[in-house]
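Undergrad: quick one: sequence plus predicted model below, questions after.
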Amino acid sequence: MIIASITAVALTTVLRFSSMTPAVTSVSTTAGALIGLPHPSLPRLPHPSIRLPRFRRSARSGGGLDRVGMRLKAMVRDEEAWFSDHGLYSKDVNAVKSAVTHANASFEGVQVQILFADRRGWTAMASHPDAPGKSCVIFVGYRTLVPRTRGAALEATAEGVPVCDS
C-alpha cells in the first residue's frame, strides 16, 4: 500500500514538474529517485565509457598457433562458399581465399595445405613459422584421410573444429 501511494505521488510529481512548486520539488527528490528520475537541479552527465586494455600475445608464446586456428576457421567459411558456387570443395587454397581472408593481416605467414577435397568433404593442415614443428588440422564432411598434427599427432575428431598442438 505504501509503494502504491509513493508511486501515485511520484506520477503526480512527474506531471507537475513544469510548475516546480517547493512542495512538489521536495517530494520529487524522494519519489523521483524511487522511479529513476533525475533531480531537476542536477545536471545530466553522460555515462563514462569504459575502455578495457587489449593485450597482445607474443608470437613466441603460442600466438602463431592461435592465428593458424583462426585461419582454418576462415578456411571453413571460404570452402563452404566455394562449395555453394561449384558443387564440390576445392583443392587449391588460393582459389578459395575470400576478400576478407586476403585482407586479414593476422593470417600473414600461415601456411595451409589441403590434404584431401572432393564433393563429400575436405581435410587440411596449417602451420606457422613462429611455431616450428607444430601444426593445426581440420576436416569437414567425409574424410578419407584422418588429419593429425605434426607435433603431438593429435587427431581432428569434431567436424569444422581445428585441433592444434600445444
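TA: Here it is on my side, so go on.
Undergrad: look at Val112 and give its secondary structure.
TA: Classification of Val112 using DSSP: H, G, I helix; E, B strand; the rest coil returns strand.
Undergrad: ugh, wrong one, I meant Leu145
TA: Relying on three-state DSSP, one would call Leu145 coil.
Undergrad: ok, now which ones touch it?
TA: 115-116, 123 (Cβ atoms under 8 Å, 6 or more residues apart in numbering). In this view, the C-beta of every residue, glycine as well, is placed from N, C-alpha and C.
Undergrad: any quick ChimeraX command for the buried ones out of these?
TA: Entered in ChimeraX, the line below selects the buried ones among the contacts of Leu145, by 16 or more other Cβ atoms under 10 Å:
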select :115,116,123
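Undergrad: Pro147 touches Met125, doesn't it?
TA: Yes: using Cβ atoms under 8 Å, Pro147 is in contact with Met125, at 5.9 Å.
Undergrad: returning to that earlier point: of the contacts of Leu145, which is the nearest to Val163?
TA: Thr123 (11.5 Å; Cβ to Cβ).
Undergrad: list phi and psi for that closest one.
TA: Thr123 has phi and psi values of phi -130, psi 150 when expressed as degrees, to the nearest 10.
Undergrad: same question for Val137.
TA: Torsion angles, degrees, to the nearest 10, at Val137: phi -130, psi 160.
Undergrad: from His86, how far out is it?
TA: Distance, Val137 to His86, by Cβ to Cβ, to the nearest Å: 24 Å.
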